[in-house]
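**Q** Quick one, structure for this:
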Amino acid sequence: MVYFSKLFDDKQWFIVLVVFLIAFVIQLFYYLFIYIRFAFHKKKSGPSVRDPVSVIICARNEAENLENYLPVWLTQDYPEYEVIVVNDCSTDDTDLVINKYMEQYPRLRTSLIKEDKKFAHGKKLAVTIGIKAAKYDRLLFTDADCKPESNQWISRMSSNFSDQVEIVLGYGGYFNQPGILNKYIRYDTLVIALQYFSYALFRRPYMGVGRNLAYKRSIFFAGQGFKSHFHLASGDDDLFVNENATKTNTAIEYSCESHTRTAPKETYAKWFFQKKRHFTTNKLYKPGHKVLLTLEPLSRFLFYAGFIGLLIIPVYRPLVLSLFAFRLITQLVVIKKAMIRLNEKNLLLISLPFDLFSLFINLILIMTSRIRPSNYQWK
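**A** Numbers count the residues shown, from 1 in each chain. Model prediction:
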C-alpha cells in the first residue's frame, strides 16, 4: 500500500490521468460526432435521373480478370451506358479478351496504350485516356479485378448525380476468404470506408477509392485532372477527391447493390507493399484533413497507453475502467452498424485487437512510405 500511495502522490500520474481524459474526450468526438453520421445515416430517396454514363476500367495484364468479370459490367440493368477498357501496355491476352467481348457487346469500347521504353507512366495516364475517350459526362470507375455485387451498380451509383453533386463515393470491398490476413484487410477497408463516408457526411470529404468511384467529366477537366500529382503512382482516386470534393458537391452511395468486391493480396509482403504505395499520398492532403486524420490515431494511442498505465493505481482504476468500457461499447456499436451497412461479416470481435494493432502497422507504413516512393508502379 505504501508503494501505491507513493505512486498516487506523484504528480506525474495526475498528468497521465489528464492526458487519458483528454484522449477519451477526443475519441468520443470521433465516434459520437463523426463516425456516427455514417453508422446511423438514413439515405433519402429521390427521383432517379437515368442519364447515360461511361464506365472506365484500366487494365494492365488483366486477361483472366477481364474474362471473368467484364460480362458482369456489360450486363448491368441500365438503359444507356458504355464500358471503356483502357488496355495499358498489356503483354498477356488482354487484347484478345477485349476483342472477343466487343463482338458480343456493342457497348464495349477500348483504348490502347502502347509501351514506350523511353516513357514510364502510371495508372493516371490510362485513366486520363479513358476519360478523354468517354462519350458521356457522368463517369464511373472501377478496376479490372473488381466484380459488382449486383446488376444495379450503375443505377445505384449514378442516381446520386445532380446539378450540384459532381462526385459520388462508393464502397470497394474484398472477398471474404479464410485467414487472419483476409480479416485484417477487410477490417482495414471497413474502417477506411467508415472514415471517408463519415467525413463526407461531416461535410469534409477527403478521399474515395478507385475500385468504386464516380465523378463528372467536366469537373475532371475544370480541375486540370491529375496535373498537380501526376508524378505519383497513387492518387488517381484519393488525391483527386481531396482536391476537388467540397461540402456540397459530394455524395455517398453504400447500398449493398452498389458495392464492388475484389480478391485481396495473398501474402503479407504484397499487401504491405500495396499499402505503402497508398500511404505516399497522405502528405498531399489538405491541412485540415491531415489534422483530423492524425488526431484520431494519436488520441487512440494515448488512450490505450494511459489506460494500461493507470490500471496500477487503485484510486484511478474504477474511473479508468468505466471510461474504457464506455468507449469500447460505443466503438462496438458503430463498427457493428458499419459492418451491416457494408455487408461485412465476422469482424466485430476481432476488431478489438485490430484497433490497437493498426496503430503500429500504420506507423510503420507511414515511415517506410517515405523511402523511394517514386519507384512504385500501379501494376
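
**Q** burial measure for the residue nearest to residue 286 when sequence neighbours are not counted, as a count.
**A** Nearest non-adjacent residue to residue 286, counting by Cβ to Cβ, 6 or more residues apart in numbering: residue 242, 6.1 Å away. In this view, the C-beta of every residue, glycine as well, is placed from N, C-alpha and C. Per other Cβ atoms under 10 Å, the neighbour tally for residue 242 reads 20.

**Q** again with residue 340
**A** 12.

**Q** my read is it is in a helix, agree?
**A** Yes: assigned with DSSP: H, G, I helix; E, B strand; the rest coil, residue 340 falls within a helix.

**Q** Now do it against residue 173, distance only.
**A** When Cβ to Cβ, to the nearest Å is the yardstick, residue 340 and residue 173 sit 13 Å from each other.

**Q** Spatially, which residue comes closest to residue 196, not counting chain neighbours?
**A** In space, residue 196 is closest to residue 207, 5.0 Å off (Cβ to Cβ, 6+ apart).

**Q** Go ahead and list the helix or strand containing that neighbour.
**A** Under DSSP states H and E, no helix or strand contains residue 207.

**Q** Now do the same contact list for it.
**A** Applying Cβ atoms under 8 Å, 6 or more residues apart in numbering, we find residue 207 in contact with 196, 237-238, 241-242, 285.

**Q** who's in contact with residue 20?
**A** By Cβ under 8 Å, 6+ apart, residue 20 lies in contact with 302-303, 306-307, 310, 320, 323.

**Q** Please determine how far it is located from residue 313.
**A** Separation of residue 20 from residue 313 (Cβ to Cβ): 11 Å.

**Q** Return the residues in contact with residue 169.
**A** Neighbour list for residue 169: 196-197, 200, 205, 208-209, 213, 241, 250-253 [criterion: Cβ under 8 Å, 6+ apart].

**Q** what's the answer for residue 249, then?
**A** Contacts of residue 249 (Cβ under 8 Å, 6+ apart): 164-167, 219.

**Q** Mind checking which of these are buried?
**A** Those of the contacts of residue 249 that meet the buried threshold are 166-167, 219, by 16 or more other Cβ atoms under 10 Å.

**Q** So which of those are in strands?
**A** Assigned to strands by DSSP state E, the following of the buried ones among the contacts of residue 249 qualify: residue 167.

**Q** Is it possible to get a markdown table of the buried ones among the contacts of residue 249 that adds distance to residue 148 and pLDDT?
**A** What follows is the buried ones among the contacts of residue 249, written out as a markdown table (distance: Cβ to Cβ, whole Å; pLDDT from 0 to 100):
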| residue | distance to residue 148 | pLDDT |
| --- | --- | --- |
| 166 | 22 | 97 |
| 167 | 19 | 98 |
| 219 | 23 | 97 |
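
**Q** Let me know the closest of the buried ones among the contacts of residue 249 to residue 117.
**A** residue 219 (34.1 Å; Cβ to Cβ).

**Q** what's near enough to touch that closest one?
**A** For residue 219, the contacting residues are 166-167, 244, 249, by Cβ under 8 Å, 6+ apart.

**Q** could you redo the last one with a cut-off of 7 Å?
**A** Neighbour list for residue 219: 166, 244 [criterion: Cβ atoms under 7 Å, 6 or more residues apart in numbering].

**Q** Compare the contacts of residue 20 and tell me which has the most neighbours.
**A** Counting neighbours by other Cβ under 10 Å, residue 306 comes out on top of the contacts of residue 20 with 24 neighbours.

**Q** Report the spatially nearest residue to that one, omitting neighbours in sequence.
**A** Nearest residue to residue 306, sequence neighbours excluded (Cβ to Cβ, 6+ apart): residue 20, at 3.0 Å.

**Q** so where does the one you found fall, helix or strand?
**A** Secondary structure assignment for residue 20, by DSSP H and E: helix 11-29.

**Q** Check which element follows that helix along the chain.
**A** The helix or strand immediately downstream of helix 11-29 is helix 36-39, counting by DSSP H and E.

**Q** and that following helix, what does it pack onto?
**A** On a contact count with 3 or more Cβ pairs under 7 Å, 6 or more residues apart in numbering; DSSP states H and E, helix 36-39 meets helix 180-201, helix 317-341.

**Q** Taking the contacts of residue 207 together, which two end up most distant?
**A** Longest span within the contacts of residue 207, Cβ to Cβ: 237 and 285, 12.8 Å.

**Q** So between the two, which is more surrounded?
**A** Of the pair residue 237 and residue 285, residue 237 is the one with more neighbours under other Cβ under 10 Å, namely 23 against 19.

**Q** From residue 80, how far off is the more buried one?
**A** Counting by Cβ to Cβ, the gap from residue 237 to residue 80 is 25 Å.
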